[in-house]
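S.K.: structure of the sequence below:
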Amino acid sequence: MSAFTENAGRFLSKRETKSLKEAYRDRKLAAGLKEDDYVRSEFFGMNQIQHLLSQPGCVGLRIHHAKRWEDEDGNPTESGVGQLKPRVLLTGVDKMGNDMPIRSSQAGLKDMPDDGDGETLGEGHICPRHCA
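M.R.: Predicted structure coming up:
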């Protein structure tokens with residue numbers, strides 16, 4: 001049986017979730033960072049996620065850990081300029097575990113590459129800059 005199914009993963013209890021988030025925070029603070037110096041989360045809108053999930057053959061999402069050079073306002077810069085910040089990238093995944101390119105029929109829509117070569121959802125709103 002494939003590990004790549006619609007039911008992969010499990011829901012965590014509030015206690016488990018808190019423990020995981022606190023361990024991450026504690027490690028960052030122990031490294032000398034202040035609360036607002038590190039990325040705690042990244043938000044993606046429901047419509048963008050649904051677009052990935054609605055692709056024919058998609059059984060779920062893969063979340064890639066990544067880093068990008070950014071200025072102090074979170075705008076991308078060239079390599080070596082600004083700070084290297086952690087980001088996440090989301091891709092649809094098929095039942096064989098392959099990342100799926102975004103349907104080319106969606107190219108040219110708002111926030112989609114014009115060349116039809118879109119594969120990854122990125123540039124979510126990061127916290128601490130965008131937190132409740």
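S.K.: which outside residues touch stretch 87-97?
M.R.: 2-5, 39, 42, 44, 49, 52-53, 55, 57-68, 99-100, 102, 119-124, 126 (CB atoms under 8 Å, 6 or more residues apart in numbering). Backbone N, C-alpha and C define where each C-beta goes, glycine included.
S.K.: go through the helix or strand of the chain with the lowest mean pLDDT and flag the buried ones.
M.R.: The least trusted helix or strand in the chain, going by mean pLDDT, DSSP states H and E, turns out to be strand 125-127, with a mean of 91. Using 16 or more other CB atoms under 10 Å as the test for burial, strand 125-127 gives residue 126.
S.K.: on that earlier part again, buried subset of the contacts of stretch 87-97 as a ChimeraX selection?
M.R.: Provided next is the ChimeraX selection string for whichever of the contacts of stretch 87-97 are buried by 16+ other CB under 10 Å:
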select :42,44,52,55,58,59,60,61,62,68,100,102,120,121,124,126
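S.K.: out of the contacts of stretch 87-97, list just those in helices.
M.R.: In this view, those that belong to helices under DSSP state H are 49, 52-53.
S.K.: turn those residues into JSON lines, including pLDDT and distance to residue 27.
M.R.: As requested, the ones in helices among the contacts of stretch 87-97 are exported to JSON lines (pLDDT from 0 to 100; distance: CB to CB, whole Å):
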{"residue": "49", "pLDDT": "94", "distance to residue 27": "28"}
{"residue": "52", "pLDDT": "93", "distance to residue 27": "30"}
{"residue": "53", "pLDDT": "94", "distance to residue 27": "32"}
